[in-house]
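Asks: sequence plus predicted model, see below.
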Amino acid sequence: MPNLYPLSDTAIRAVKPGDPRKRLTDGKGLYLLLFVKGGAHGWRLDYAVHGRRKTLSLGTYPETSLKLAREKADEARRLVAAGTDPSDHRKASKAEAQQERQEQELVAAGQALPGSFEAVAKEWFEVRRTDWSDSYGSKIMRRLEVDVFPWLGHRPVGSITPADVLAVLRRVEMRGVLDTAHRARENCGQVFRYAVATGQAQSDPTRDLKDALRKPIVRHMAAITDPARLAELLRAIDGYNGSLVVCTALRLAPMLMLRPGELRFAEWSEIDLDTATWAIPPQRMKREKAGKLHGSPHLVPLPRQAVDLLQGLHPLTGRNLYVFRGERDYDRAMSENTVNAALRRMGYSTKEDITGHGFRATARTILDERLGFDRAAIEAQLAHSVKDLNGRAYNRTEFVEQRRTMLQAWADYLDTLRQGKVLPLRAHSS
């Protein structure tokens with residue numbers, strides 16, 4: 001005969017050790033197993049779902065009172081009536097609670113949540129970082145950390161909309177750094193496309209934002225391309241009252257067409273004055289990481305004027321690592337602002353007139369338009385990627401002899417300008 005009388009707390013408390021009964025039944029599948037938890041009694045609920053009979057544990061008595069056990073049983077029965085297995089529901093709830101605790105711990109530790117934009121961005125960064133130089137990779141991550149993560153970092157990457165991204169980019173625009181806004185959009189797009197490829201998002205919300213941002217004003221490095229004005233600058237350099245290191249750097253800067261960093265970090269071990277050749281290591285060149293690690297040196301043929309200048313400087317700095325050593329610390333290269341500061345002291349604005357980097361544009365323009373040299377040779381000397389009509393990159397070393405001739409002609413041309421002579425414009429050579 002089934003027990004028609006539901007349990008009471010009095011009946012449960014009356015159970016003593018040695019009681020021959022194994023369970024006390026409350027009805028509708030709820031019962032109390034006696035002495036199953038180290039002397040405690042355990043609540044159980046038998047139920048059937050999808051044709052299978054199962055048992056659910058509801059806690060121990062007295063921690064789980066009779067009233068609470070009945071409430072738990074009623075909730076489980078409602079789940080069964082809705083077609084949900086209470087056991088599966090409990091496991092899912094525990095997993096969700098555990099995930100929430102883990103997320104709270106990550107947030108407390110300042111770490112990104114799994115599946116968030118920040119987490120996916122860092123995952124993408126780790127995949128791609130070997131393709132970049134350390135300095136370039138640092139700029140990308142810093143841009144994301146400053147301009148994107150504070151607003152989108154915590155969001156699930158697949159839930160972010162174009163409007164969400166645009167709102168973040170508008171903040172960058174408001175600071176007036178339009179180029180940074182476009183670069184941030186590009187980096188976000190790379191992250192979203194990675195998320196799509198790895199199944200963490202359905203689409204890239206940045207793809208429709210290209211025309212939504214204000215276009216940055218392209219500002220080229222200040223450069224003098226008029227021969228007459230260049231002649232004045234060359235004579236001003238010749239009359240500059242500075243140290244031998246600075247004066248030599250000033251004279252070589254317009255002659256060799258190098259980036260300021262390539263010039264100021266020159267080491268004597270790279271320069272062969274006997275063959276009039278300077279081999280700049282690939283690590284110092286502006287290249288992708290693979291090119292820095294495995295590329296060939298950038299060969300710079302030295303015109304005789306450059307050799308004379310370096311021979312004149314060698315007695316002073318030849319025992320040092322750097323050709324252009326620091327004014328105070330001989331173990332360091334001269335400051336990155338040295339050349340520009342000297343130009344300013346001569347009265348030339350580095351915003352409107354000329355910069356150390358602008359000498360490259362000066363040479364590029366005049367060598368092409370006035371002296372008629374092959375553009376491919378000019379670009380090779382500038383260490384730009386040179387391609388043929390089929391898009392194949394030339395080996396820069398193929399232009400060494402052409403560049404040697406070109407740089408000697410360029411150095412000679414600068415001498416003619418110093419003397420007040422300006423050659424007529426030559427027919428353009430493509």
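Replies: It's in. Numbering: from 1, shown residues only.
Asks: what sits against Arg304?
Replies: Ala276, Gln408, Ala411 (Cβ atoms under 8 Å, 6 or more residues apart in numbering). For every residue, glycine as well, the C-beta is placed using N, CA and C.
Asks: any idea how far stretch 200-210 is from the chain center?
Replies: Relative to its chain's centre, stretch 200-210 lies at 19 Å (Cα atoms, centre = their mean, to the nearest Å).
Asks: kindly export that stretch (C-alpha atoms) in PDB.
Replies: Extracted C-alpha coordinates of stretch 200-210, given in PDB (Å, rounded to 0.1, in the frame of the first residue of the first chain):
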ATOM      1  CA  GLN A 200      33.400  33.700 -33.500                       C
ATOM      2  CA  ALA A 201      31.500  36.300 -35.600                       C
ATOM      3  CA  GLN A 202      29.200  36.300 -38.700                       C
ATOM      4  CA  SER A 203      30.500  39.400 -40.400                       C
ATOM      5  CA  ASP A 204      32.900  42.400 -40.300                       C
ATOM      6  CA  PRO A 205      31.000  45.500 -39.200                       C
ATOM      7  CA  THR A 206      33.800  47.800 -40.400                       C
ATOM      8  CA  ARG A 207      33.400  47.000 -44.100                       C
ATOM      9  CA  ASP A 208      30.700  49.700 -44.600                       C
ATOM     10  CA  LEU A 209      32.400  52.400 -42.500                       C
ATOM     11  CA  LYS A 210      35.100  53.400 -45.000                       C
END
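Asks: rebuild the contacts of Arg304 as JSON lines, extending it with pLDDT, distance to Ala14 and neighbour count.
Replies: Output for those, formatted as JSON lines (pLDDT from 0 to 100; distance: Cβ to Cβ, whole Å; neighbours: other Cβ atoms under 10 Å):
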{"residue": "Ala276", "pLDDT": "93", "distance to Ala14": "109", "neighbour count": "18"}
{"residue": "Gln408", "pLDDT": "94", "distance to Ala14": "113", "neighbour count": "17"}
{"residue": "Ala411", "pLDDT": "92", "distance to Ala14": "111", "neighbour count": "19"}
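Asks: quick one: which of those is nearest to His357?
Replies: Distance to His357, by Cβ to Cβ, is smallest for Ala411 among these, at 19.4 Å.
Asks: which SSE is the closest one in?
Replies: helix 400-418 (DSSP states H and E).
Asks: can you tell me which of the contacts of Arg304 lies closest to Ser296?
Replies: Ala276 (18.8 Å).
Asks: now do the contacts for the nearest residue to the closest one once chain neighbours are set aside.
Replies: The shortest distance from Ala276 to any non-neighbouring residue, by Cβ to Cβ, 6 or more residues apart in numbering, is to Leu302 (4.3 Å). Leu302 makes contacts with Leu256, Ile271, Leu273, Ala276, Thr277, Trp278, Leu310, Leu407, as judged by Cβ under 8 Å, 6+ apart.
Asks: how far away is Leu273 from Arg304?
Replies: 11 Å (Cβ to Cβ, to the nearest Å).
Asks: pLDDT on whichever strand or helix holds Glu96, on average?
Replies: Using DSSP H and E, Glu96 sits in helix 86-108. For helix 86-108, the mean per-residue pLDDT is 76.
Asks: Thr277 contacts Pro301, doesn't it?
Replies: Yes. Between Thr277 and Pro301 there is a contact under Cβ atoms under 8 Å: 6.1 Å.
Asks: so for those two, which sits in the more crowded spot?
Replies: Neighbour comparison, Thr277 and Pro301: the larger count goes to Pro301, with 21 against 17 (by other Cβ atoms under 10 Å).
Asks: that one reaches Gln402, doesn't it?
Replies: No. Counting by Cβ under 8 Å, Pro301 sits too far from Gln402 to count as a contact (9.3 Å).
Asks: tell me how many other residues surround Leu66.
Replies: 21.
Asks: do you know how far it is from Lys16?
Replies: 18 Å.
Asks: likewise for Ala231?
Replies: 115 Å.
Asks: so for the two, which residue has more residues nearby?
Replies: Remark: of Ala231 and Lys16, Ala231 carries more neighbours, 19 against 6, as counted by other Cβ under 10 Å.
Asks: for the more buried one, give its distance to Asp164.
Replies: As judged by Cβ to Cβ, Ala231 and Asp164 stand 56 Å apart.
Asks: got it, and Lys67?
Replies: 48 Å.
Asks: and for Cys247?
Replies: Cys247 sits 55 Å away from Asp164 when distances are taken as Cβ to Cβ.
Asks: neighbour count winner among those two?
Replies: Neighbour totals were compared for Cys247 and Asp164, and Cys247 leads with 19 against 14 (other Cβ under 10 Å).
Asks: doesn't Tyr240 make contact with the more buried one?
Replies: Yes. The pair Cys247 and Tyr240 passes the contact test of Cβ under 8 Å, sitting 6.0 Å apart.
Asks: next structured bit after the helix holding Glu96?
Replies: Next element after helix 86-108 (DSSP H and E): helix 117-128.
Asks: following that following helix, which helix or strand comes up?
Replies: helix 134-147.
Asks: now do the buried residues in that following helix.
Replies: Neighbour-count burial for helix 134-147, counted by 16 or more other Cβ atoms under 10 Å, picks out Gly137, Ile140, Arg143, Leu144, Asp147.
Asks: just want the angle from it to helix 117-128.
Replies: Inter-element angle recorded for helix 134-147 and helix 117-128: 170 degrees (by axes from the mean of the first three to the mean of the last three Cα atoms, to 10 degrees).
Asks: and the helix or strand following helix 134-147, how far from the chain's centre?
Replies: Per DSSP H and E, helix 134-147 leads on to helix 149-152 as the next helix or strand towards the C-terminus. Distance of helix 149-152 from the chain centroid (Cα atoms, centre = their mean) equals 15 Å.
Asks: which helices and strands does helix 149-152 pack with?
Replies: Applying 3 or more Cβ pairs under 8 Å, 6 or more residues apart in numbering; DSSP states H and E, we find helix 149-152 packed against helix 117-128, helix 162-174.
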